[in-house]
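Colleague: Turn this into a structure:
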Amino acid sequence: MNSAVHDEVSAQEEAYYDILRPLVSTYSRTPHIRSVAVVGNQPLAPSAQRAAVIDAADLVFRVNGFRLDEDEPTVGRRADVVVFNRGVRPTPWFFQDYTRRLYLMIEPGRMHEENPKIPDFWPRDLGIVTLANREVIVPLNRVIGQQSAVDGLWATTGTTMLWTATRLFPNATVDVAGLSFVDAPEQRTWSHAFGDPSAVGPEHLIANEGRLVRDWISSGRIRFHR
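Modeller: This next block holds a predicted model:
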């Protein structure tokens, strides 16, 4: 793979991210975002160094049913932007301090008549911003060799989170942790840092996603923390 190709952004996509960027930036701890942490939900061994890198970032992205550190440092304590889908299983940390976070929902299933109902457990005073299928989901899936609007295959929420973060802040240092498919692209079950395992959905070809992320690692586009 050629990482330079992956960094190409169409005028339509750029216009979309230009609109979204100021909103996302308001949840950063600094007005000038130079570092971003993107954290998945893979179970990881404790690491004070990893946790410190994540918490030191200007902006921290988390995904779906994430967990935060409470005792032993592992993946940090901050969550500024939460990227999720309607099937999310909320953990004790998911709605913690929710008025201070931005929640971005992906809904690729809407291209295939997915029910647009908001989850019943959603707080009445918490709004949702939806990531656009046309400017986010479709371009990402094209890069990893899937036609989401046609074949019903689309990237995981974790990869979509990483893709969005790098599009929003292309000049920032991006530290990534907790994406299990990077090293285990053939897995059929997700293990989570909190909660029971779940099957990898048939709509995901995580080997394709693993190739993209490994290419970004080898090119230096992102720094991956195991």
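Colleague: residue nearest the centroid of the chain?
Modeller: Nearest to the geometric centre of the chain sits Met161, at 2.1 Å (CA atoms, centre = their mean).
Colleague: Need the three-state assignment for that residue.
Modeller: Classification of Met161 using DSSP: H, G, I helix; E, B strand; the rest coil returns helix.
Colleague: tell me the SS of the nearest residue to it once chain neighbours are set aside?
Modeller: Excluding the flanking residues, the one nearest Met161 by CB to CB, 6 or more residues apart in numbering is Val83, at 4.0 Å. C-beta here means a position set from N, CA and C on the backbone, and glycine is covered the same way. Per three-state DSSP, the secondary structure class of Val83 is strand.
Colleague: wouldn't Val83 be in contact with Thr156 here?
Modeller: No: with contacts counted by CB atoms under 8 Å, Val83 stays clear of Thr156, the gap being 10.4 Å.
Colleague: which residues do those two both contact?
Modeller: Shared contacts of Val83 and Thr156, defined by CB atoms under 8 Å, 6 or more residues apart in numbering, are absent.
Colleague: Number of residues surrounding the residue nearest to Met161?
Modeller: 25 (other CB atoms under 10 Å).
Colleague: and it, what are its bridge partners?
Modeller: In this entry, Val83 is beta-bridged to Val63, Leu104, by DSSP bridges.
Colleague: Start the count at 50 instead of 1 going forward.
Modeller: Right, with 50 as the first residue, what we last looked at is Val132.
Colleague: residues contacting it?
Modeller: Taking CB under 8 Å, 6+ apart, we find Val132 in contact with Phe110, Arg111, Val112, Asn113, Leu153, Met154, Ile155, Leu180, Thr206, Thr209, Met210, Thr213.
Colleague: Same question for Tyr65.
Modeller: By CB under 8 Å, 6+ apart, the residues touching Tyr65 are Ala181, Glu184, Val185.
Colleague: Check these against Arg272 and report the nearest one.
Modeller: Nearest to Arg272, judged by CB to CB, of the contacts of Tyr65 is Val185 at 22.9 Å.
Colleague: Can you tell me the closest non-neighbouring residue to the closest one?
Modeller: In this structure, Val185 finds its nearest non-sequential neighbour in Thr213, 6.1 Å apart by CB to CB, 6+ apart.
Colleague: Angles on the backbone of that neighbour, please.
Modeller: Per-residue torsions, Thr213: phi -60, psi -40 (degrees, to the nearest 10).
Colleague: ditto for the one 5 residues further on
Modeller: Main-chain torsions, Phe218, degrees, to the nearest 10: phi -130, psi 70.
Colleague: Fine by me, we can end here.
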